[in-house]
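A.B. asks: how would this look folded up:
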Amino acid sequence: MASITLSVQDPFKEHLKKFIWINWSEVAREETLKKIIFERYIKTKELSDKEWAFCERIDWHPVDELPFKEEYLKKIEKIKKGKFIRLNSVDEIFKNHK
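C.D. replies: Have a look, this model is predicted:
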């Protein structure tokens, strides 16, 4: 297996050391594989069985990285301009149901 060394500034390295339970090599491997899968998905709109298994394992899909469609953003803006009930606390939601 090949090995890759990343250079980081000392303050960043010290910050990473605080998270001793994290396997940074595995994080780097997963993020790299996500980029590879994403690039392939953009070109082919397909995923192999092995890629699907990886995506399922980490609960991620390449479409998660795509920007929202303009029509969807317009729909969200319209909803945001609608009428809403302002509440000061969660208790107000249930005050009429007691």
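A.B. asks: now do the helix or strand of the chain with the lowest mean pLDDT: distance to the chain's middle.
C.D. replies: The helix or strand of the chain with the poorest confidence is helix 91-94; it has a mean of 84 (mean pLDDT, DSSP states H and E). Relative to the chain's own centre, helix 91-94 is displaced by 32 Å; criterion: CA atoms, centre = their mean, to the nearest Å.
A.B. asks: what does that helix contact?
C.D. replies: With contacts defined as CB atoms under 8 Å, 6 or more residues apart in numbering, helix 91-94 is touched by L87. Placement of C-beta: from N, CA and C, glycine included.
A.B. asks: return that helix as CSV; C-alpha atoms alone will do.
C.D. replies: This file holds the C-alpha atoms of helix 91-94, laid out as CSV (Å, rounded to 0.1, in the frame of the first residue of the first chain):
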residue,chain,number,x,y,z
ASP,A,91,-44.5,25.1,25.3
GLU,A,92,-46.7,27.4,23.3
ILE,A,93,-47.1,24.7,20.6
PHE,A,94,-48.9,22.5,23.1
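A.B. asks: which residues in the chain form helices?
C.D. replies: Here the chain has its helices, by DSSP state H, at 10-17, 24-44, 49-58, 70-80, 91-94.
A.B. asks: figure out which of those is closest to I4.
C.D. replies: Nearest to I4 among these is helix 24-44 (7.8 Å), distances taken as CB to CB.
A.B. asks: ok, and for that closest one, which residues are buried?
C.D. replies: Across helix 24-44, burial judged by 16 or more other CB atoms under 10 Å covers K34, I37, F38, Y41.
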